[in-house]
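# Fold the following, please.
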Amino acid sequence: MPKTPPVAGEQPGQPPDGPDGRPSADDPSTARTREAAREAPRGRAVAERKKKYLVAPRSLSAAGFLAPSALMAPLSLSSVRQALQGIGDIDIVDTVGGQGGLGASSLGGQPDGVIVARMTDQKAGELHRRGQGRLVVERDQHLQLLDPMLRRPDLVSSLTPYSGPSVEVVVAVVGKDGAPVPEAEVSLFGGLLPSTAVTGPDGSARLRLYGEDAHTISGLYVKPLADYWSFYQRDPDLSASEPNVVMLRALADWPALQNMPRQNALGWGARAMRLDQVPPPLRGLGVKVAVIDSGVATTHGNLNRIRAGFDVINKQVDRTTWNSDTLGHGSHCAGVIAGADPSWGIRGFAPDAEIHVCKLFPGGQISQLIDALEYCIEQQIDIVNLSLGGSAPSEALERQIQRAKQAGVACIAAAGNSGGPVQYPASSPHVLAVAAVGKVDEFPPDSYHAETIGQDIDQQGFFTARFSCAGPQVDVCAPGVAVVSSVPPNNFAAWDGTSMAAPHVTGLAALVLAHRPEFQGALRARSVERVERLFQVLRMSARPVTLGDPARVGYGMPDALVALGLSVAAGQVGHWQLPAAAFGMAPGMMAGMLAGAPDGGIRYAAGFAPQQATGMQGFPFGLGMGGLRPAGW
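Numbers count the residues shown, from 1 in each chain. Below you'll find the model as predicted:
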C-alpha cells in the first residue's frame, strides 16, 4: 500500500498527534490539510529558466581600471572553463571565436575565445562579481535581420475585445491577367489590433478586425511572396458583403525591368551607383565575400555558382545546409552582391567574386555571429556583409570584429530600420555603416515603397528612407527602397531595408579590392591598414544625395567609377572644388587622370582596350564630405 506523503508543515519523523501514533482523524484541520494535499496539482515549481551567456577573460588593458593591479593576474580561457565547471548549475554549451590561434588579438596577448554557457541571471550576476572586472559576462542576445517593420498604428490596444463591433472582409489578390496570387500577406489596420492573413490557392484572404467597422480601417497592405510589386491603400473603401479585389503589378511590367527575368537587367540601385558604366571585364575576380545571413538558395539561376558555406546554427548536426534559405533574406542580399548574369535575371556588382555563405537565421545569436566571423578569419575572407543587428552592443562581439579587422576582414553593416539611432554592430567604429535611400519613379506609386519616402527629396529624386537609422556613425548611404533581387526558389522580389542597402556597398567594395591598383600592390596583403584604406576609398567616392543631413546619409552614396579610379576629367567638375589630397586615390593616379589618361592606371583584363570602357565622359557631380566639395563648404 503506497505511503501518504507528509502534508505541508509536517516533517518526516514528526511525533504523531494521535494516541495510536497516527494523526487524529477527529481533528478537522488535519483532515482539511490532507484533502488539500491530495487535490494539489502535481508538477514542477515555476522558476527562472537558464539562458545562454557569453563568458570570456577580459584583456588587462580593458580591465585594468576596474580592479586593483594586485588582482590582475592574467586569466586564460582554460582556467575560466575550469572555474565554470566547478560552479554548480552552469552548463557549458560551446566555445567560439579564436583561442590563441589565427588572428589572435594583440590586446594584452590574451586568447580570444568565448565560452557559451547556460545559467540563470542570478548566477550570471554572481559570476560577474566574482570576476572582479576580469571577465566578460553578457547575455547571448538574439539577432534580427534588418528588414523594415510595417508601420503599425501609433496606439494599439493590448487586448482583443470579446464582444462589441467587428468587421470581416475578404480580399482577393490577382495578377494583371486575373489569375489568383497565392501566399500573399494581406494586412488590415484600424485603431486597435491589426489583422493579417495569407491568401490561399484561390488568391483570397479572410480578415476580421475587432472593435472596428469598415469606416475606421486606415490601411490595406498586400505583400506578395515574389514576382509582383506590393500594394498599399490608405483609408481603403472596403465592402463587407463581397470580395475586395486587389490587382498586383508584375515586376516585369515596370519599364526599367521589361522582359526581366528573360532578359538580364541591372537594378535601379546599381545604375544609381553607375555600375552600368563600369567596364564589363571588372567583375570582382579573386575577392572573397561572406554573406552572414539566412543562407542562400543555390537553386536560383543567379546564385547557382555559389559553392562554399557554413551553417552556423546547425553545425552540431550538418554544417552543409547553408544552401537552404527559408526566409529568402540571404538570397536577396547575395543577389545584389554577386548575382551571376547568364542570359536572364538581375546581375550583381561582382558576379565573379567567390561567395561564402554563413547561415545564421532564423534564430541567430551573438555567439553564433562570433563563430561565423571566426570562419571568415580562417577562410581569409576579404569582405563580410552584415545585414543584421542586435538590441544592444556586445563587448564579446566587438572584440571579435576587431580580431577580424586585424586579420584583414572588412565588415560592412546595415545601419538598422527602426528610424532611431544606428544599431549595433553598425555603430561599431570598426565597421562601415550603411544607411538606406530611395528614388522616386523607381516603383509604382500605389506600392508600399511609397510609404518610405522622406521629406528630403533632391532634384534627382533621391530621398532618405523613413525607416533608416541615423546618427554620426553612418558612413555612407546606398539604395535600400524597392530593390529587386533573387529569392527562393528561382524568383525575384522588391524589398526595402538597410539590409538591401549594405549589399550594394559590399558588392562595390569587392570590385575595388579586385581592380583598384593600390590593392594589387602595396595593399595586397590582408591587414588592418588595407581595411581602413578600403573604407576610406568608399567614403571618398561618395556624392551627396537627398537634402538630408549627414547623420542620415553620411558621406553620401558611393560611386563605382570614382571608387575604381575611372572617372573625373579636368574641367568637367562644374562648380565643385577638387582637393586632390582628400580625394583618396593612389599617389600619381589623380595626376594621370587630369593629364588625360582615360584609365587612371586601372588594370583591365587581357585583350581589353581602355577605349572600350563606357562612362568615360567625365564626372558630372560632386563628392561627399572629404572628397569634392561645393565652393564655400
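# pLDDT at residue 549, what is it?
Note on residue 549: pLDDT of 89.
# number of nearby residues for it?
10 (other Cβ atoms under 10 Å). In short, each C-beta sits where N, CA and C put it, glycine included.
# give me phi/psi at it?
Residue 549 adopts backbone torsions of phi -80, psi 160, taken as degrees, to the nearest 10.
# Name the single longest helix found in this structure.
Longest helix in the chain by number of residues (criterion: DSSP state H): helix 498-515.
# Skip ahead from it and say which helix or strand is next.
Sequence-wise, the next helix or strand downstream of helix 498-515 (DSSP states H and E) is helix 528-540.
# shouldn't residue 382 be in contact with residue 407?
No: Residue 382 is not in contact with residue 407 according to Cβ atoms under 8 Å; the separation is 10.5 Å.
# the more surrounded of those two?
residue 382 (26 against 21).
# Contact partners for the closest residue to residue 223 other than its chain neighbours?
Among residues not flanking residue 223 along the chain, residue 185 sits closest, at 4.4 Å (Cβ to Cβ, 6 or more residues apart in numbering). For residue 185, the contact set (Cβ atoms under 8 Å, 6 or more residues apart in numbering) comprises 196, 197, 198, 221, 222, 223, 224, 225.
# go again using 7 Å as the cut-off
Contacts for residue 185 (Cβ atoms under 7 Å, 6 or more residues apart in numbering) come out as 196, 198, 223.
# Against residue 534, how distant is it?
Between residue 185 and residue 534 the computed distance is 38 Å (Cβ to Cβ, to the nearest Å).
# now do residue 123
Residue 123 is 43 Å from residue 534, by Cβ to Cβ.
# Give me the secondary structure label for the nearest residue to residue 201 once chain neighbours are set aside.
Excluding the flanking residues, the one nearest residue 201 by Cβ to Cβ, 6+ apart is residue 182, at 5.1 Å. Secondary structure, DSSP: H, G, I helix; E, B strand; the rest coil: residue 182 is coil.
# what's the neighbour count on residue 182?
16.
# now what about stretch 442-451, what contacts it?
151, 221, 229-232, 249, 268, 438, 481-482, 494, 496.
# before we move on, the earlier item: residue 123 and residue 534: who's more crowded?
residue 534 (24 against 20).
# So that one is in contact with residue 509, correct?
Yes: taking Cβ atoms under 7 Å as the definition, residue 534 is a contact partner of residue 509 at 6.0 Å.
# Show me whatever sits in contact with both of these two.
In contact with both residue 534 and residue 509: residue 410, using Cβ under 7 Å, 6+ apart.
# where does this protein have its least confident helix or strand?
Least confident helix or strand of the chain, by mean pLDDT, DSSP states H and E, is strand 629-630 with a mean of 26.
# quick one: average pLDDT of stretch 129-149?
Rounded mean pLDDT across stretch 129-149 is 85.
# Return the set of buried residues in it.
Under the neighbour-count criterion of 16 or more other Cβ atoms under 10 Å, stretch 129-149 has 131, 133-141, 143-148 buried.
# And those, which is closest to residue 520?
Nearest to residue 520 among the buried residues of stretch 129-149 is residue 146, at 32.9 Å by Cβ to Cβ.
# quick one: which of the contacts of residue 185 is most hemmed in?
residue 223 (21 neighbours).
# Need phi/psi at that residue.
Dihedral angles (degrees, to the nearest 10) for residue 223: phi -120, psi 110.
# thought it was touching residue 232?
No: Residue 223 lies out of contact with residue 232 (Cβ under 7 Å); the separation is 9.2 Å.
# packing partners for the longest helix of the chain?
Applying 3 or more Cβ pairs under 7 Å, 6 or more residues apart in numbering; DSSP states H and E, we find helix 498-515 packed against helix 329-338, strand 383-386, strand 410-414, strand 432-439, strand 476-479, helix 528-540, helix 560-563.
# contacting residues for residue 333?
Counting by Cβ under 7 Å, 6+ apart, residue 333 has contacts 291, 293, 385, 387, 499, 503.
# Relative to residue 477, how far out is the residue nearest to it when sequence neighbours are not counted?
Nearest non-adjacent residue to residue 333, counting by Cβ to Cβ, 6+ apart: residue 503, 4.5 Å away. Residue 503 sits 13 Å away from residue 477, going by Cβ to Cβ.
# can you check residue 251 too?
24 Å.
# Now for the nearest residue in space to residue 515 that is not next to it in sequence: which residues touch it?
Among residues not flanking residue 515 along the chain, residue 282 sits closest, at 4.8 Å (Cβ to Cβ, 6+ apart). By Cβ under 7 Å, 6+ apart, residue 282 lies in contact with 511, 515, 564.
# Give me the neighbour count for residue 378.
14.
# How about residue 341?
So residue 341, with other Cβ under 10 Å, has 16 neighbours.
# if you average pLDDT over stretch 492-506, what comes out?
97.
# What would that stretch look like as CSV? C-alpha coordinates only.
Output in CSV follows, covering the C-alpha atoms of stretch 492-506 (Å, rounded to 0.1, in the frame of the first residue of the first chain):
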residue,chain,number,x,y,z
PHE,A,492,12.5,37.8,-57.7
ALA,A,493,11.2,40.3,-55.1
ALA,A,494,11.3,44.0,-54.5
TRP,A,495,12.3,44.6,-50.8
ASP,A,496,13.1,47.6,-48.6
GLY,A,497,15.7,48.0,-45.9
THR,A,498,19.2,48.9,-44.9
SER,A,499,19.6,45.1,-45.3
MET,A,500,19.3,45.8,-49.1
ALA,A,501,21.5,48.9,-49.0
ALA,A,502,24.5,47.3,-47.3
PRO,A,503,25.0,44.6,-50.1
HIS,A,504,25.3,47.5,-52.7
VAL,A,505,28.3,48.8,-50.9
THR,A,506,29.7,45.3,-50.2
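# Any stretches of the protein with poor pLDDT?
Residue ranges of the chain with pLDDT under 70: 1-38, 40, 60-74, 99-112, 147-164, 191, 211-213, 568-633.
# Start from the N-terminal end of the stretch 301-450 of the chain and give the strands.
All strands of the stretch 301-450 of the chain, identified by DSSP state E, counting those that start in this stretch, fall at 308-311, 354-359, 383-386, 388-389, 410-414, 432-439.
# Adding mean neighbour count and distance to residue 539, write these out as a markdown table.
Below are the strands of the stretch 301-450 of the chain laid out as a markdown table (neighbours: other Cβ atoms under 10 Å; distance: least, Cβ to Cβ, whole Å):
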| stretch | mean neighbour count | distance to residue 539 |
| --- | --- | --- |
| strand 308-311 | 20 | 30 |
| strand 354-359 | 26 | 25 |
| strand 383-386 | 29 | 15 |
| strand 388-389 | 24 | 21 |
| strand 410-414 | 30 | 12 |
| strand 432-439 | 30 | 8 |
